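J.: model the structure of this input:
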Amino acid sequence: MKNNNRARWLMVVASILAVGLILSGCGKKTTGPQSITPEVAVVTIQPKRVVITTELAGRTSANLVAEVRPQVGGIIQKRLFTEGSDVKAGQALFQIDSVLYQAAFDNAKAALSRSEANLPAIQLRAERLKELLAVKAASQQDYDDASAALKQVQADIQYGKASVETARINLKYTSITAPISGRIGRSNVTEGTLVTAQQPTVLATIQRLDPMYVDVPQSTAEVLRLRRGLKEGHLDQSGADQKKVQLIMEDSTAYPLAGTLQFRDVTVDPTTGSVILRIVFPNPQGILLPGMFVRAVVQEGVNKQAILIPQQAVSRDPKGNPLTLIVDDQNKVQLRMLTLDRAIGDQWLVSSGLARGEQVIMEGTQKVKPGAPVKAVPFEIDGVKNSSEHKGELPPPAKSN
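T.: Have a look, this model is predicted:
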């Protein structure tokens with residue numbers, strides 16, 4: 001009896017050990033190394049036509065500026081304009097007391113009339129003595145005296161005419177008029193103020209606001225880079241809209257009218273190392289005012305073979321050099337060092353390091369390393385898969401920073 005119980009117990013123990021070995025074997029099998037190839041999302045590089053722009057900060061200035069100053073001295077009797085209004089060229093702005101200038105004009109006219117009144121008698125006497133001298137009936141001295149008197153009167157008449165003209169001009173200058181059409185600012189003098197000719201104090205300032213200038217500085221380094229790009233053929237400036245410029249206001253809104261690049265200065269400011277670009281903008285509504293801070297989006301040219309990649313696909317090494325990971329023809333990860341030109345919206349413009357048709361890894365870089373095999377799948381941009389059939393084109397870039 002005892003032998004039967006012992007045999008039964010040994011069979012139970014053996015069964016338990018067998019089940020344990022089976023379960024142990026199954027556990028090792030399920031925890032073994034995975035052989036699944038990691039999956040990464042990629043975009044396929046395809047060069048495209050991109051308008052290269054640069055955004056430059058500057059200030060507005062009036063098209064014409066005229067400082068109103070008196071050309072004769074006197075007391076201001078009246079101010080004849082409304083401050084802040086638009087005035088026309090030739091419009092009276094101030095009136096200076098003209099009593100003394102009117103008297104001077106009348107005196108000059110009287111002196112001229114007196115000289116002109118003496119002319120006929122002296123002229124007849126000179127002609128008569130000339131005839132008598134021919135028949136020896138008058139002396140040479142008498143004729144010479146009459147001839148000199150005639151020239152004196154003629155000179156007095158010319159001097160009198162000049163004096164009348166000077167007096168007339170001075171009398172005219174007592175009415176101070178607008179030299180140009182535009183918007184006049186505040187008056188710096190009031191009625192009763194004594195002013196003098198060519199005084200340093202400005203009576204008022206007139207500015208023409210349509211069109212408006214926008215002057216923006218551009219560093220010489222940018223100018224040299226632009227010239228190098230043109231020389232190497234990376235940029236094309238033959239487009240019809242090459243000189244068109246867009247304007248961004250202080251509140252980040254776009255100005256509705258496009259401007260035209262007028263010229264680039266040739267003199268470098270030694271304090272800033274930059275040159276000035278002058279841009280002309282139409283301003284029919286008077287939105288632009290002198291001295292406003294604005295940003296001008298200037299076209300540098302067109303890059304017909306631009307390579308753009310999203311910024312999220314670019315990382316940097318410990319030294320700060322940009323790099324990215326690609327999938328080669330053998331479906332293996334490769335490291336590429338990049339040369340970046342600039343940011344265009346949320347993308348980088350790549351100068352070198354990538355070529356047409358290469359697949360840049362957008363997602364999954366954390367689980368791969370150079371040389372490892374991967375499975376490339378198209379990266380979805382705004383719900384649309386990016387693949388070679390779609391030519392790997394990214395959304396249209398925004399303006400450059």
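
J.: can you name every helix or strand that the longest strand seen in the chain contacts?
T.: Ranked by residue count and defined by DSSP state E, the top strand of the chain is strand 48-68. Contacts of strand 48-68 with other secondary structure elements, assessed using 3 or more C-beta pairs under 8 Å, 6 or more residues apart in numbering; DSSP states H and E, are made with strand 182-184, strand 204-219, strand 274-281, strand 293-310. In this view, the C-beta of every residue, glycine as well, is placed from N, C-alpha and C.

J.: tell me the contacts of residue 68?
T.: Residues counted as contacts of residue 68 (C-beta atoms under 8 Å, 6 or more residues apart in numbering) are 93-94, 176, 178-179, 184, 202-206.

J.: quick one: strands adjacent to the longest strand of the chain?
T.: Here strand 48-68 is paired, per DSSP bridges, with strand 204-219 (antiparallel), strand 293-310 (antiparallel).

J.: okay, buried residues for that strand please.
T.: Along strand 48-68, these residues count as buried under the neighbour rule (16 or more other C-beta atoms under 10 Å): 48, 50-54, 56, 58, 60-63, 66, 68.

J.: check which residues of the helix or strand that that strand is followed by are buried.
T.: Per DSSP states H and E, strand 48-68 leads on to strand 74-79 as the next helix or strand towards the C-terminus. Of the residues in strand 74-79, 74, 76, 79 count as buried by neighbour count, 16+ other C-beta under 10 Å.

J.: just give me the closest of these to residue 250.
T.: Distance ranking of those against residue 250, using C-beta to C-beta, places residue 79 first at 33.2 Å.

J.: and the closest one, how far is that from residue 296?
T.: Per C-beta to C-beta, to the nearest Å, residue 79 is found 38 Å from residue 296.

J.: tell me where the stretch 51-200 of the chain has helices.
T.: 99-134, 140-173 (DSSP state H, counting those that start in this stretch).

J.: would you mind getting the angle between the first one and helix 140-173?
T.: Angle, helix 99-134 to helix 140-173, by axes from the mean of the first three to the mean of the last three C-alpha atoms, to 10 degrees: 160 degrees.

J.: which strands and helices lie in contact with helix 99-134?
T.: If you count contacts as 3+ C-beta pairs under 8 Å, 6+ apart, helix 99-134 packs onto helix 140-173.

J.: the helix it packs on - what's its average pLDDT?
T.: When pLDDT is averaged along helix 140-173, the result is 87.

J.: residue 326 contacts residue 359, correct?
T.: Yes - counting by C-beta atoms under 8 Å, residue 359 is a contact partner of residue 326 at 5.8 Å.

J.: related to what we said a few turns ago, and which of the buried residues of strand 74-79 is nearest to residue 149?
T.: Set against residue 149, the nearest of those by C-beta to C-beta is residue 74 (39.5 Å).

J.: now do the contacts for the closest one.
T.: Residue 74 makes contact with 96-98, 100-101, 174, 194-195, according to C-beta under 8 Å, 6+ apart.

J.: export those as JSON lines, with columns for neighbour count.
T.: Formatted as JSON lines, the contacts of residue 74 follow (neighbours: other C-beta atoms under 10 Å):
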{"residue": "96", "neighbour count": "22"}
{"residue": "97", "neighbour count": "15"}
{"residue": "98", "neighbour count": "18"}
{"residue": "100", "neighbour count": "15"}
{"residue": "101", "neighbour count": "21"}
{"residue": "174", "neighbour count": "21"}
{"residue": "194", "neighbour count": "12"}
{"residue": "195", "neighbour count": "19"}
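
J.: low-confidence stretches in the chain?
T.: The chain contains residues with pLDDT under 70 at 1-35, 228-242, 381-401.

J.: tell me how far residue 132 lies from residue 146.
T.: Between residue 132 and residue 146 the computed distance is 10 Å (C-beta to C-beta).

J.: which of those two has more neighbours?
T.: Neighbours around residue 132 and residue 146, counted as other C-beta atoms under 10 Å, are more numerous at residue 146. The numbers are 20 against 13.

J.: count the residues that sit near the closest residue in space to the more buried one that isn't next to it in sequence.
T.: Counting by C-beta to C-beta, 6 or more residues apart in numbering, residue 146 lies nearest to residue 126, which is 4.1 Å off, once chain neighbours are set aside. For residue 126, the number of neighbouring residues by other C-beta under 10 Å comes to 20.

J.: residue 126 against residue 142, yeah?
T.: No - Residue 126 is beyond contact range of residue 142, at 9.9 Å (criterion: C-beta under 8 Å).

J.: quick revisit: quick one: which of the helices and strands packed on strand 48-68 is nearest residue 41?
T.: Proximity of the helices and strands packed on strand 48-68 to residue 41 was assessed by C-beta to C-beta; the nearest stretch is strand 293-310, lying at 11.2 Å.

J.: quick one: strands adjacent to whatever helix or strand comes next after that closest one?
T.: In the C-terminal direction, the helix or strand that comes right after strand 293-310 (DSSP H and E) is strand 315-316. If you go by DSSP bridges, strand 315-316 pairs up with strand 322-327 (antiparallel).

J.: ok now the partner strand, how far from the chain's centre?
T.: Centroid separation for strand 322-327 versus its chain: 36 Å, with C-alpha atoms, centre = their mean, to the nearest Å.
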